[in-house]
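Novice: Test case, fold it:
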Amino acid sequence: MLWCAVMLTKNELILKRQKAMRKHIWFKVLTRSERAIFNLTIRCVEQIKSSKLAKIVTAIVEKLTQAMTSRVEKLSQSVGRQLA
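Specialist: Residues are numbered from 1 along each chain as shown. Take a look at the predicted model:
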């Protein structure tokens, strides 16, 4: 059904948007069109069925997730792997 293993539902998208807004990343990281696509998906779709829409929304979610990772997490992943 979807090209990715994770099923993107309305509730998951709402939670991701709230978390991004709390961390002040929503407006810094996303363009106006990306925010519009994300918001319209939340308003119009209960569960994403279109593979094209799933790819677009997944890319936006990944962009938000990368921006929300803290400096400590990024450093521990990069330095920690070299030490191990």
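
Novice: do you know how far the spatially most central residue of the chain is from residue 18?
Specialist: By Cα atoms, centre = their mean, the chain has its centre lying nearest to residue 61, at 1.4 Å. The gap separating residue 61 from residue 18 is 13 Å, by Cβ to Cβ, to the nearest Å. C-beta here means a position set from N, CA and C on the backbone, and glycine is covered the same way.

Novice: same check, this time on residue 42
Specialist: Distance check for residue 42 against residue 18: by Cβ to Cβ, it reads 11 Å.

Novice: how many neighbours does residue 50 have?
Specialist: 13 (other Cβ atoms under 10 Å).

Novice: Could you check the pLDDT of it?
Specialist: You'll see residue 50 listed with a pLDDT of 90.

Novice: for residue 5, same thing?
Specialist: Value listed for residue 5 in the pLDDT field: 45.

Novice: before we move on, the earlier item: who's more crowded, residue 42 and residue 18?
Specialist: residue 42 (18 against 11).

Novice: Confirm for me that the more buried one is in contact with residue 9.
Specialist: No: using Cβ atoms under 8 Å, residue 42 makes no contact with residue 9, being 10.0 Å away.

Novice: Return the distance of the helix or strand hosting residue 42 from the chain's centre.
Specialist: Following DSSP states H and E, one finds residue 42 within helix 32-44. Centroid separation for helix 32-44 versus its chain: 12 Å, with Cα atoms, centre = their mean, to the nearest Å.

Novice: Which residues does that helix contact?
Specialist: Contacting residues not belonging to helix 32-44 are listed as 10, 13-14, 17, 26-27, 30, 48, 53, 56-57, 60, 63 [Cβ atoms under 8 Å, 6 or more residues apart in numbering].
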